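Asks: Kindly return the folded structure for what I paste below:
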Amino acid sequence: MLIAFNKPFGVLSQFTPDGSRWKSLEEFNFPGQVYPIGRLDAESEGLLLLSDEAGLNPILLHPRQGHHRIYWVQVEGVPSASALRMIEQGVMVAGRPTLPCKAWRLDPPPALPPRQPPIRFRKIIPDSWIAMDLIEGKNRQVRRMTAAVGHPTLRLWRAQIGRFLLTDEIAPGSWRFLTPEERGSVLQH
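Replies: Residues are numbered from 1 along each chain as shown. The predicted model follows:
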């Protein structure tokens, strides 16, 4: 089985509570024997897949497979074309270069539900939205990439895995089983 979960802010991508202020996946009544495929840190939101099929992990997560994940990222400031090129060419994260990716501005910004708690607002510092299409997922990679080019991440939303786009029909904190066609779209590059 393959499940799409719209992970809200403040939820860990694990079933075991860790004693922190964050919720765990155990609070969302998933069927038994499923586990998350990949991770989103507690401060990130959006599409998280869960499955009972261990074979999906290497297919969807190993960079050698070239499986795309698209993130919508609200950043501090407005990245220039050269900053986006730097992201695309790869930046150093934890002492290692990231793989090349695609990055572009999202204008108009995506229509996402409000985050709880809301993003901090600063009158004198503008914010903007970019999209990033990655085939790898190191720990806090998107946040580190935007910070490396001088545009810290304010909000991070995983919008798509493969060709499956998270839509507003799955509200934050909700999940559903994917149809065979949707499963196919997840597995497509």
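
Asks: For the chain, just list every one of the strands.
Replies: 2-7, 35-37, 45-51, 69-76, 92-93, 96-97, 102-105, 127-134, 153-161, 164-165, 175-177 (DSSP state E).

Asks: What mean pLDDT does the last one get?
Replies: In other words, strand 175-177. In this model, strand 175-177 has an average pLDDT of 97.

Asks: And for the protein, the residue most distant from the center?
Replies: Most distant from the centre of the chain: Ile124, at 27.7 Å, with distances by CA atoms, centre = their mean.

Asks: so what pLDDT did that residue get?
Replies: Ile124 is assigned 85 on the pLDDT scale.

Asks: any idea how far it lies from Gly77?
Replies: Using CB to CB, to the nearest Å, Ile124 is found at 11 Å from Gly77. Heads up, the C-betas are built off the backbone N, CA and C, glycines and all.

Asks: ok, back up a step: will you turn the strands of the chain into CSV that also has distance to Ala147 and mean neighbour count?
Replies: Converted to CSV, the strands of the chain look like this (distance: least, CB to CB, whole Å; neighbours: other CB atoms under 10 Å):
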stretch, distance to Ala147, mean neighbour count
strand 2-7, 22, 23
strand 35-37, 25, 19
strand 45-51, 18, 23
strand 69-76, 9, 23
strand 92-93, 9, 15
strand 96-97, 15, 10
strand 102-105, 14, 16
strand 127-134, 13, 19
strand 153-161, 7, 21
strand 164-165, 26, 16
strand 175-177, 31, 15
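
Asks: which one of those has the lowest average pLDDT?
Replies: strand 92-93 - the lowest mean pLDDT of the strands of the chain, at a mean of 88.
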